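[1] fold the following for me, if possible:
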Amino acid sequence: MNMLQTAKEIRTAQSVPSALERFGDIDMPDLEYTPAVARETEHLYARVKDHIPAIEWPVFAPYVHAINRLKKERGAVILAHNYQTPEIFHCVSDIVGDSLQLAREAGTVDAEIIVQCGVHFMAETSKLLNPEKTVLIPDMKAGCSLSESITGADVRRLKVANPGVPVVTYVNTSADVKAETDICCTSSNALAIVESLEEDTVLCIPDEYLAMNIAKQTSKKILTWKGHCEVHERFTADELLAYKEADPNIQIIGHPECHPDVIEVCDFSGSTSGMINYVKEERPQKVLLVTECSMASNVEAETPGVEFVKPCNLCPHMKRITLPKILDSLVFMKEEVTIDPRIADRARLAVERMVNLGK
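    Got it, this is the predicted structure:
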């Protein structure tokens, strides 16, 4: 069975349409794995060949080819978080990174359309920093357990209960929450943000474990909220100790959204960008990334010679973003992210304070 026939049979089994009709000024080709598509995507498959079996590439390639063509016609830029799958991260994205990197880049991109391949709060952040631009997210239901753990009303109650205490809010929150915030932070700059404040007591919300990990590194009193990342909270110290016992040479790198007991077991802890930089600079022989497992695949593709052990915890929200949904987003200009103007200005200030502090 040749590769073209295999691709057609897989598409039929998945009920994937073979063509898209003309929409506005966009004329879409058939989504067939033709020899021309194979040639024009060959260099992209080389980046992900160790993570996408050859039998699957004929299904992905037509979408990759169409998306890369359409984003140029639309004048669009695709921002992708580190947790996106390899075919998105390596084959269609223009800018990749963690929440802080994407927030900074979103404010400087030279494009009228931003397609956010991440979760909803990230798309909201891009819209806050680009109020005049069109921001799209391929699936409006791509949420976040941290973002959903707290509301603007919750923050207002916290401020009443703790008068005068500054509020540092993790960027993994809605615009409604950011609007009640003094300054935002990400996992990569949270400690620096906290230390930049004059007050001795700080509300650090909503990630309880991030706040607990910060509290170990500062003399300030940190008040927390019981929000957790459903990916990182599943890791345990006993699980990681078992890996170390099986192979004492393995280096374990953890994300600060994990419980402090987990971080104590790690050889290094940092944001997703910090973890990536550590692997690229230190080049450990064998490494375990205590985070969302697509990130391990994406880093592995860029660091040949490093062996990755993957205790895979997937983010179900990130995985709602797929190539067909990205293509639909570009063709039909959906789903557009909008923010109530009554809260947008206040929320924007909290994000801009974070971005400007880094500068």
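
[2] strands along the protein, start to end?
    Taking DSSP state E to define them, one finds strands in the chain at 76-81, 95-97, 113-117, 134-136, 167-170, 183-185, 201-205, 221-223, 251-254, 268-269, 286-290, 307-309.

[3] list the helices and strands the third one packs on?
    Read that as strand 113-117. Other helices and strands packing on strand 113-117, by 3 or more CB pairs under 8 Å, 6 or more residues apart in numbering; DSSP states H and E, are strand 76-81, helix 120-129, strand 134-136, helix 323-332. Just so you know, the C-beta spots here come from the backbone N, C-alpha and C atoms, and that holds for glycine as well.

[4] got it, and the fifth one?
    Here strand 167-170 is seen to pack against helix 152-161, strand 183-185, helix 190-196, strand 201-205 when contacts are counted using 3+ CB pairs under 8 Å, 6+ apart.

[5] name the residues that touch the second one?
    This points to strand 183-185. 166-171, 173, 178, 193-194, 197, 204, 350-351, 353-354, 357 (CB atoms under 8 Å, 6 or more residues apart in numbering).

[6] quick one: residues contacting the nearest residue to Pro131 once chain neighbours are set aside.
    Once flanking residues are discounted, Pro131 sits nearest to Ala344: 6.7 Å by CB to CB, 6 or more residues apart in numbering. By CB under 8 Å, 6+ apart, the residues touching Ala344 are 127-128, 131, 175, 179.

[7] include distance to Ala106 and pLDDT when you put those residues into TSV, please.
    Putting the contacts of Ala344 into TSV (distance: CB to CB, whole Å; pLDDT from 0 to 100) gives the following:
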residue	distance to Ala106	pLDDT
Lys127	9	93
Leu128	9	92
Pro131	11	91
Ala175	14	96
Ala179	18	97
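
[8] give the buried residues for stretch 56-73.
    Using 16 or more other CB atoms under 10 Å as the test for burial, stretch 56-73 gives 57-68, 70-71.

[9] any chance of those in JSON lines, plus pLDDT?
    Below are those laid out as JSON lines (pLDDT from 0 to 100):
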{"residue": "Trp57", "pLDDT": "97"}
{"residue": "Pro58", "pLDDT": "97"}
{"residue": "Val59", "pLDDT": "96"}
{"residue": "Phe60", "pLDDT": "97"}
{"residue": "Ala61", "pLDDT": "97"}
{"residue": "Pro62", "pLDDT": "97"}
{"residue": "Tyr63", "pLDDT": "97"}
{"residue": "Val64", "pLDDT": "97"}
{"residue": "His65", "pLDDT": "97"}
{"residue": "Ala66", "pLDDT": "96"}
{"residue": "Ile67", "pLDDT": "97"}
{"residue": "Asn68", "pLDDT": "96"}
{"residue": "Leu70", "pLDDT": "94"}
{"residue": "Lys71", "pLDDT": "94"}
